[in-house]
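Undergrad: Make a model of this:
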Amino acid sequence: MKRMIQTKMLHRMLCTLLLLCAGVTAAMAGATASDYYFKVTATPSPTAGGKVYVGKESTNNPSYVNNGGTSTATGKDHNVNSGSLTFYFYAKANNNYIFDCWRKGSATGEVASRTSSFNETLTSTSESESSPETYKYYAIFKKQTGLIKVMSKDESKGSVQISKSDNVQDDVVTITAIPDASNGVAFLGWKKNNQGGDGVYYSTDNPLTLTADNNTKGTYYAYFSNAAQKVYIRLKNKKTQRFLSFYGTTKAEEHSRTFGEGSNQQTKQDGFIFNNSLKMISNTDAQGNPTTVFLRTGNPNGTGVTINADIQASNTQYTSLAGNNYKLTFEKKGKYYRVYTTFTFDDAGSTVKIPSYLCDIGSDFAVMKSEISDDGEADWEIYSLDENTTEGAFGANTKEKFTKDGMYYTTMYTDFPYKLLDGVNAYYLVYNEEFTEITDRVVFTQVKANNGVTIVPAYTAVILECQKVQNDINSTSTVTNRLLPLLPNAEGTGQIVNEGANFLKGYISVNGSTVANNKKRMYVLSANKEGVLGFHPYSKDNMTPNKAYLLAPEATDEQIAEYAKKVTFSFGEVEEEDEGTVTKIQMSEEVVNEADGDIYDLLGRKVENPGRGIYIKNNKKFVVK
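TA: Residues are numbered from 1 along each chain as shown. Coordinates of the predicted model:
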């Protein structure tokens, strides 16, 4: 199922979502733009350890400085108050050395990055070309003298680590590959002494533990995939430790700003302000919340999703946050990123650029700011979601009260397909017509695995069965109940759960009117007063997005009230069927055949000529065989 952006106006609204901040106005109105100068150096340490390069452009073929030399990049930015430029750093280890990290200021300074290639946006307040704002970076390399050595096949895609670089006979050594996950790079495998054909690896374990001896002696090369064009991410703010989510319910307003001063002053309409959309939610609420899942898109040539990127929001009709005009930059700041878009305008023939940063200032919603503090409000930890993601993983958020026979249950409905990990099972509901006894039942039908992989298609309402409560989202040790979002065209995502046969329904985002119109017919997974887990009548005014529910057939208020009394849903015993393991829900009402009355199917649709199946007449069920 695909969603369409219906109007040019909506597209324009999406393209300028990230220009929310009133701070941009304060930074630009009544100010004069100037030229600000930069000088950035990159130096290997030790000088024999490797080669380095720094420049103002991203590249797949860095012009490394050989023989331990320092690489230098200069530049200027015409801007208001201060300049801002992004610089790109690359490092390549020499033979018998391994890249460790980039450090700022000195060879013992703050760690800037653990990956050999990264970018960082720097600022300058120097208006003197002869005395520019100066930044120094050092690529730290470690010498390898052991029997087991490790190398990255392509430092622009990922780096490697070794637990003991001077290992000797019988030492236990762990080697680790670190792909550039921020750009959607994946680890493929290790090749010993760089031997083996395409796709043939010594091991695909990461990390890989070896015992140093004559059999394992050698250099192990880490192979990585190309940078992705699209990757699913989640963002957690450093200051508040909350996750960014997008609900897509907002009011957009046209907005004009005044730039420059004197003869250069100009008023321009720069788009729209979006309010109350980018919501900040706590760790606990974020664990199983699909609104925290974003699809980050990059360049069509697959060179990454860090520069000129966009964020597509799940859970909403607004499929783009940045659009075509205002692309995003993800600026690496150690383990964190700053996410910003740049607004440009003309100042007496020169281009002025004002960055606007995504921030969490502690209120209910995220904002955009051009003037940011150093308390972490603009710093985001980005979790790229893959099978190796532990901390920050997306999963089934079970609750202890939703238990049955030691298992935990919850419901889910998303607009993206996802893969089940950690032993999670998914079920949808169908009416089974094959029982010989005169009793009708609703059957939990398990979503089938294909070659050991189970994928729940997009827009499929399911019940998720888990072995345990999901661990805290900050945990890096034990990971449970993970759900891996998949791209719509990923292998296996085309399988369809028959929508007409699925008695479960769901909404991506349920508003009050939707619930009000259907509340009397809604049954949700819950525990009743007696503690029985099942589907019980829904009584609240609003429903949490992405949850599944049962919808009773249409009837009068009196009939629905009687239906609610007679029909209860609860988990039955697990039995083995030809189609696999199913869990049965027993309905207490008996099958009754009556001659008069309108006939409805189990989805509440009126039927003129019923075929073989189970139907409802006068609020009672009957079977056509």
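Undergrad: partner residues bridging G83?
TA: Beta-bridge partners of G83, counted by DSSP bridges, are S124.
Undergrad: Might one say that it is in contact with E129?
TA: No: the pair G83 / E129 is not scored as a contact, 11.9 Å apart, by CB atoms under 8 Å. (Glycine included, C-beta is placed from N, CA and C.)
Undergrad: Between those two, which has more neighbouring residues?
TA: G83 (25 against 12; other CB atoms under 10 Å).
Undergrad: For the more buried one, list the residues it contacts.
TA: Remark: with contacts taken as CB atoms under 8 Å, 6 or more residues apart in numbering, G83 is in contact with D35, Y36, Y37, F38, K76, D77, T123, S124, T125, E133.
Undergrad: quick revisit: which neighbours do G83 and E129 have in common?
TA: Joint contacts of G83 and E129 (CB under 8 Å, 6+ apart) are D35, Y37, K76.
Undergrad: If any of those residues are buried, put those into a PyMOL selection.
TA: Here is the PyMOL command that selects the buried residues among the shared contacts of G83 and E129 (16 or more other CB atoms under 10 Å):
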select buried, resi 37+76
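Undergrad: Mind listing the strands the helix or strand hosting I463 pairs with, and their directions?
TA: Using DSSP states H and E, I463 maps to strand 462-466. Partners of strand 462-466 in the sheet, by DSSP bridges, are strand 407-412 (antiparallel), strand 425-432 (antiparallel).
Undergrad: Which of the ones you listed sits closest to F141?
TA: Shortest distance between F141 and the strands paired with strand 462-466, using CB to CB, is found for strand 407-412: 46.5 Å.
Undergrad: Tell me who's in contact with the spatially most central residue of the chain.
TA: Ranked by distance to the mean C-alpha position of the chain (CA atoms, centre = their mean), the top residue is I233 at 2.5 Å. With contact set as CB under 8 Å, 6+ apart, I233 has these partners: V293, F294, L295, R296, I382, Y383, S384, L385.
Undergrad: Of these, which is the most crowded?
TA: Top of the contacts of I233 by neighbour count (other CB under 10 Å): R296, with 27 neighbours.
Undergrad: hmm, back to that, any idea what the residue nearest to the centre of the chain is bridged to?
TA: Per DSSP bridges, the residues bridged to I233 are F294, S384.
Undergrad: now the contacts of G83 as JSON lines including distance to D154 and pLDDT?
TA: What follows is the contacts of G83, written out as JSON lines (distance: CB to CB, whole Å; pLDDT from 0 to 100):
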{"residue": "D35", "distance to D154": "37", "pLDDT": "91"}
{"residue": "Y36", "distance to D154": "35", "pLDDT": "94"}
{"residue": "Y37", "distance to D154": "34", "pLDDT": "97"}
{"residue": "F38", "distance to D154": "28", "pLDDT": "97"}
{"residue": "K76", "distance to D154": "32", "pLDDT": "92"}
{"residue": "D77", "distance to D154": "31", "pLDDT": "89"}
{"residue": "T123", "distance to D154": "31", "pLDDT": "90"}
{"residue": "S124", "distance to D154": "32", "pLDDT": "94"}
{"residue": "T125", "distance to D154": "37", "pLDDT": "94"}
{"residue": "E133", "distance to D154": "32", "pLDDT": "97"}
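Undergrad: so which of those is the most crowded?
TA: When neighbours are taken as other CB under 10 Å, the top entry among the contacts of G83 is Y36 (25 neighbours).
Undergrad: my guess is that one contacts E129, does it?
TA: No: between Y36 and E129 there is no contact under CB under 8 Å: 9.9 Å.
Undergrad: so what sits against both of these two?
TA: K76.
Undergrad: what sits against the nearest residue to R234 once chain neighbours are set aside?
TA: Nearest non-adjacent residue to R234, counting by CB to CB, 6 or more residues apart in numbering: Y383, 4.6 Å away. By CB under 8 Å, 6+ apart, Y383 lies in contact with I233, R234, L235, K236, T389, E391, G392, A393.
Undergrad: swap the cut-off to 10 Å and go again
TA: Residues counted as contacts of Y383 (CB atoms under 10 Å, 6 or more residues apart in numbering) are 181, 232-236, 243, 292, 389-394, 473.
Undergrad: Then F118?
TA: F118 touches 87-91, 102, 112, 137, 180, 182-183, 306, 331-334, counting by CB under 10 Å, 6+ apart.
Undergrad: just to revisit the earlier point, can you say which of the strands paired with strand 462-466 is packed in most?
TA: Mean neighbour count (mean count of other CB atoms under 10 Å) peaks for strand 407-412 among the strands paired with strand 462-466, with a mean of 22.
Undergrad: mind checking how far the closest residue to F503 other than its chain neighbours is from I463?
TA: Using CB to CB, 6+ apart and skipping the chain neighbours, the partner closest in space to F503 is L429 (3.9 Å). Between L429 and I463 the computed distance is 8 Å (CB to CB, to the nearest Å).
Undergrad: Could I get the full set of strands for the stretch 151-300 of the chain?
TA: Taking DSSP state E, counting those that start in this stretch, the strands of the stretch 151-300 of the chain run over residues 158-162, 172-179, 187-192, 208-211, 218-224, 230-237, 243-246, 252-259, 266-274, 278-281, 294-297.
Undergrad: Dump the ones you listed into CSV; add distance to G68 as well.
TA: Below are those laid out as CSV (distance: least, CB to CB, whole Å):
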stretch, distance to G68
strand 158-162, 19
strand 172-179, 24
strand 187-192, 28
strand 208-211, 31
strand 218-224, 22
strand 230-237, 35
strand 243-246, 42
strand 252-259, 46
strand 266-274, 48
strand 278-281, 46
strand 294-297, 37
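Undergrad: Relative to V424, which of those strands is closest?
TA: strand 230-237 (17.3 Å).
Undergrad: Report the backbone C-alpha coordinates of that closest one in PDB.
TA: Output in PDB follows, covering the C-alpha atoms of strand 230-237 (Å, rounded to 0.1, in the frame of the first residue of the first chain):
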ATOM      1  CA  LYS A 230      18.400   4.500   2.900                       C
ATOM      2  CA  VAL A 231      18.700   3.400   6.500                       C
ATOM      3  CA  TYR A 232      16.200   3.300   9.400                       C
ATOM      4  CA  ILE A 233      17.300   5.300  12.500                       C
ATOM      5  CA  ARG A 234      16.100   6.500  15.900                       C
ATOM      6  CA  LEU A 235      17.400   9.700  17.600                       C
ATOM      7  CA  LYS A 236      17.900  10.200  21.300                       C
ATOM      8  CA  ASN A 237      18.800  13.600  22.700                       C
END
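Undergrad: buried sites along that strand?
TA: By 16+ other CB under 10 Å, the buried positions in strand 230-237 come out as K230, V231, Y232, I233, R234, L235, K236, N237.
Undergrad: Equivalent analysis for stretch 476-496, please.
TA: Applying a neighbour-count criterion of 16+ other CB under 10 Å, one finds V479, T480, N481, R482, L483, L484, P485, L486, T493 buried in stretch 476-496.
Undergrad: Repeat that for stretch 518-525.
TA: Residues of stretch 518-525 classed as buried by neighbour count (16+ other CB under 10 Å): N518, K519, K520, R521, M522, Y523, V524, L525.
Undergrad: can you redo the residues you listed as JSON lines with distance to D171, secondary structure and pLDDT?
TA: Shown next, in JSON lines, are the buried residues of stretch 518-525 (distance: CB to CB, whole Å; DSSP: H, G, I helix; E, B strand; the rest coil; pLDDT from 0 to 100):
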{"residue": "N518", "distance to D171": "65", "secondary structure": "helix", "pLDDT": "70"}
{"residue": "K519", "distance to D171": "66", "secondary structure": "helix", "pLDDT": "68"}
{"residue": "K520", "distance to D171": "70", "secondary structure": "helix", "pLDDT": "70"}
{"residue": "R521", "distance to D171": "67", "secondary structure": "helix", "pLDDT": "74"}
{"residue": "M522", "distance to D171": "62", "secondary structure": "strand", "pLDDT": "78"}
{"residue": "Y523", "distance to D171": "61", "secondary structure": "strand", "pLDDT": "79"}
{"residue": "V524", "distance to D171": "57", "secondary structure": "strand", "pLDDT": "83"}
{"residue": "L525", "distance to D171": "53", "secondary structure": "strand", "pLDDT": "84"}
